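[1] Curious how this folds, go ahead:
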Amino acid sequence: MSANILRGRSAWTPPAGRFLLVIGVWLAWLAWLRPLTLPDEGRYAGVAWDMLRSGSHAVPLLDGMPYFHKPPLYYWLTELSFSVFGVHPWAARVPSWLAAWGAAAALYGFLRRYRDAAAATLTVLILATMPFFYGGAQFANLDMLVAGMITLCLLAAVDAVLRAERGQPWRWMSLAAAALAALAVLAKGLIGVVLPGAILFLWLAWGRRWRGLATLLWPPAVLMFLAVAGPWFVLMQLRYPGFYDYFFVYQHFQRFAATGFNNAQPFWFYLPVLAGLSLPWSLWGGGILRKAFWAEGPARDLRRFALAWLAVVIVFFSLPHSKLVGYVLPALAPLAFLLSEVILSAWRGEAEGVTPRLVRLSAAVAAGICVIAVGIAANNARGSAAPLAKVVREQARPEDTFVSLHAYPFDLALYARAPRPTWVVDDWLNPEVPTRDNWRKELYDAAKFDPATGEQVLVSPAAFNARLCKAPDGARYWVWGTVADNPVYLPLRGLEPAVSSAKYAMWRVEVDAALRQRVCGGTPKAG
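    Numbering: from 1, shown residues only. Just a heads-up that it's a prediction; the model follows:
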């Protein structure tokens, strides 16, 4: 295919509106197919449901207690999605989908302006069909949201710098970049400004564009950032005096530097992750290593920007010992651009073997991997509370209480539409609870900000029995546990589960004479 065809209207450069609409539909397709994945999707969707249920729109809640592991932007958007569409798993994925689609559309517009239509189209096609990106767009957690905000922020910031260099209006774009950085902070904390700041500084220094700093640090833009990002953090500190120390010092700096958290991985972990989860497009990546790829030319500046972006993200998240796959989602947009540049460079140079058919085959294989991966995930929803909770929801009454034994199923309250926080029965005086990085510590930490609710929902086995003995006749409790819990807990002995699966069960425990005989020694203690 000739260079002119590539730069003009062709099969690779369809009308922008139609193309981006198809991309949006593609990224949303199949989002409804699978239940919430545990623990992440259940946790974050459950927090949004808890906020909606209780009307606590400013304070994220985990089982009715303040949950300050992450800032609130995802929860706000999910609350809104639940309010508009209803409480469904796919509604919890709407923020991730919007962020992915918005980032893809902005990348398309940026490259149409500063590269050409073919580069914009192919880059977005590669990005949208990367299994990693497609999966992130349909996953209800914070990773795609912050990746989308970082992508939008960087594109707006570079656009502002390039506009200023060309003598074009740039102030509105500088304000947009600042607002998007603030939203990235509200999506996942300080990385929302640290990562874009490091990437932009490296790119500006590489090109000796020091005047660009004045464009980005324009005082009204700084004020915009503070006005958007600041109020929530100030409000939380005023309401919960230990918030700054917990959120910034502990959750950001100490966790970043610590070695005792889960998911410890080697330094090079993200290189095979990016290569494997970007197949088959990553097979074109060898061209990025060629010296000729970085030679002087009209695309060199954008390629350097993409390389700085990709390198900063990978290095930054490789430094801590704890690594999760989704952390490097912000690296996918620059990777897609560099891969498209490799393909188009070879294509326009009429390199042997690089044909439209081969590119279409790569896109088809990539899309096939995406669909197959969603199908596999939909049929392997291990631990999901959905099947049991949906049965219970039809039988539960508004005054019933939900109880969980030695576990916290993050998605139970959402699927069961539990009217109040769940009692979690466990040994909360165990000194290991605050030292291990798991769900117990999350609840334990949340209770520090609201001890009264913590005392109500974090219950010892003995206290659970005592509460049942004090409850009035007819009070009902829906108890979640494993099938092996039946003989262990006195309230469950002799009861058949109301509903069960291979591993989990839910019992309906009703306070009556038989329960008092079994649990309270027959002594009537109703009150």
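[2] in the stretch 351-500 of the chain, which spans are helices?
    356-378, 386-395, 412-416, 439-449, 451-457, 461-470 (DSSP state H, counting those that start in this stretch).
[3] For those, give me JSON lines that also has mean pLDDT.
    Below are those laid out as JSON lines (pLDDT from 0 to 100):
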{"stretch": "helix 356-378", "mean pLDDT": "91"}
{"stretch": "helix 386-395", "mean pLDDT": "93"}
{"stretch": "helix 412-416", "mean pLDDT": "96"}
{"stretch": "helix 439-449", "mean pLDDT": "96"}
{"stretch": "helix 451-457", "mean pLDDT": "97"}
{"stretch": "helix 461-470", "mean pLDDT": "95"}
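[4] Packed most tightly, which of the ones you listed would that be?
    Counting by mean count of other Cβ atoms under 10 Å, helix 412-416 has the highest mean neighbour count of the helices of the stretch 351-500 of the chain, with a mean of 26. Yep, even glycine has a C-beta here, placed from its N, CA and C like the rest.
[5] Residues in contact with that one: which ones?
    By Cβ atoms under 8 Å, 6 or more residues apart in numbering, the list of residues contacting helix 412-416 from outside reads 36, 42, 45-46, 49-50, 53, 63, 87, 385-386, 389-390, 392-393, 396, 402, 404, 418, 421-422, 478, 480.
[6] if you set the cut-off to 6 Å instead, what comes out?
    Contact with helix 412-416 is made by Ala45, Gly46, Trp49, Ala385, Ala386, Ala389, Val392, Arg393, Thr422, Trp480, as judged by Cβ atoms under 6 Å, 6 or more residues apart in numbering.
[7] same deal with stretch 500-509?
    Contacts of stretch 500-509 (Cβ under 6 Å, 6+ apart): 388, 392, 477-480, 482-483, 491-492, 495, 497-499.
[8] Tabulate those residues (a markdown table), appending distance to Leu515.
    Below are the contacts of stretch 500-509 laid out as a markdown table (distance: Cβ to Cβ, whole Å):
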| residue | distance to Leu515 |
| --- | --- |
| Leu388 | 22 |
| Val392 | 19 |
| Tyr477 | 10 |
| Trp478 | 14 |
| Val479 | 12 |
| Trp480 | 18 |
| Thr482 | 21 |
| Val483 | 20 |
| Pro491 | 6 |
| Leu492 | 10 |
| Leu495 | 9 |
| Pro497 | 16 |
| Ala498 | 15 |
| Val499 | 19 |
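[9] Just the buried ones from these?
    Leu388, Val392, Tyr477, Trp478, Val479, Trp480, Pro491, Leu492, Leu495, Pro497, Ala498, Val499 (16 or more other Cβ atoms under 10 Å).
[10] what's across from Leu61 in the sheet?
    Beta-bridge pairing for Leu61 (DSSP bridges): Pro66.
[11] Look at Tyr427 and say how many residues are nearby.
    Not Tyr; residue 427 is Asp. 11 (other Cβ atoms under 10 Å).
[12] Roughly how far does it sit from Phe464?
    Distance of Asp427 to Phe464, computed by Cβ to Cβ, to the nearest Å: 12 Å.
[13] got it, and Leu344?
    For Leu344 relative to Phe464 (Cβ to Cβ), the value is 64 Å.
[14] Show me where this protein dips below the pLDDT cut-off.
    Applying pLDDT under 70 to the chain picks out residues 1-13, 256-262, 349-355, 522-527.
[15] Strands along that one, start to end?
    61-62, 65-66, 401-405, 423-425, 458-459, 476-482, 499-500, 504-510 (DSSP state E).
[16] Please point out which parts of stretch 307-317 sit buried.
    Those would be Leu307, Ala308, Trp309, Leu310, Val312, Val313, Ile314, Phe316, Phe317, for stretch 307-317 by 16+ other Cβ under 10 Å.
[17] Go through the buried ones among the contacts of stretch 500-509 and say which is closest to Ala377.
    Distance to Ala377, by Cβ to Cβ, is smallest for Leu388 among the buried ones among the contacts of stretch 500-509, at 19.5 Å.
[18] thinking again about what came up before, if we take the contacts of helix 412-416, which one ends up nearest to Leu145?
    Of the contacts of helix 412-416, the one sitting nearest to Leu145 (Cβ to Cβ) turns out to be Ala45, at 12.9 Å.
[19] give me every residue that touches that closest one.
    Leu36, Ala92, Ala140, Leu414 are the contacts of Ala45 under Cβ under 6 Å, 6+ apart.
[20] Now render the residues you listed as TSV, adding distance to Trp210.
    Putting the contacts of Ala45 into TSV (distance: Cβ to Cβ, whole Å) gives the following:
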residue	distance to Trp210
Leu36	48
Ala92	44
Ala140	42
Leu414	50
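[21] Can you pick out the most distant pair from the residues you listed?
    Maximum distance among the contacts of Ala45 (Cβ to Cβ): 10.6 Å, for Ala140 and Leu414.
[22] returning to what we had before: wait, which of the buried residues of stretch 307-317 is closest to His69?
    Phe317 (17.3 Å).
[23] count of residues packed around the nearest residue to that closest one once chain neighbours are set aside?
    Closest residue in space to Phe317, ignoring its immediate chain neighbours: Tyr327 at 4.5 Å, by Cβ to Cβ, 6 or more residues apart in numbering. For Tyr327, the count of nearby residues is 24 (other Cβ under 10 Å).
[24] any idea how far Tyr327 lies from Val315?
    The separation that Tyr327 has from Val315, given Cβ to Cβ, amounts to 12 Å.
[25] before we move on, what about Leu125?
    According to Cβ to Cβ, Leu125 stands 28 Å off from Val315.
[26] Trp32 now?
    Distance from Trp32 to Val315, by Cβ to Cβ: 37 Å.
[27] got it, and Phe139?
    Counting by Cβ to Cβ, the separation of Phe139 from Val315 is 24 Å.
[28] what's the answer for Arg113, then?
    Taking Cβ to Cβ, one finds Arg113 at 29 Å from Val315.
[29] tell me the contacts of Leu62?
    Residues near Leu62 by Cβ under 6 Å, 6+ apart: Val47, Ala446.
[30] can you rerun that using 10 Å?
    Applying Cβ atoms under 10 Å, 6 or more residues apart in numbering, we find Leu62 in contact with 43-44, 46-47, 50-51, 68-69, 408, 410, 421, 439, 442-443, 445-447, 457.
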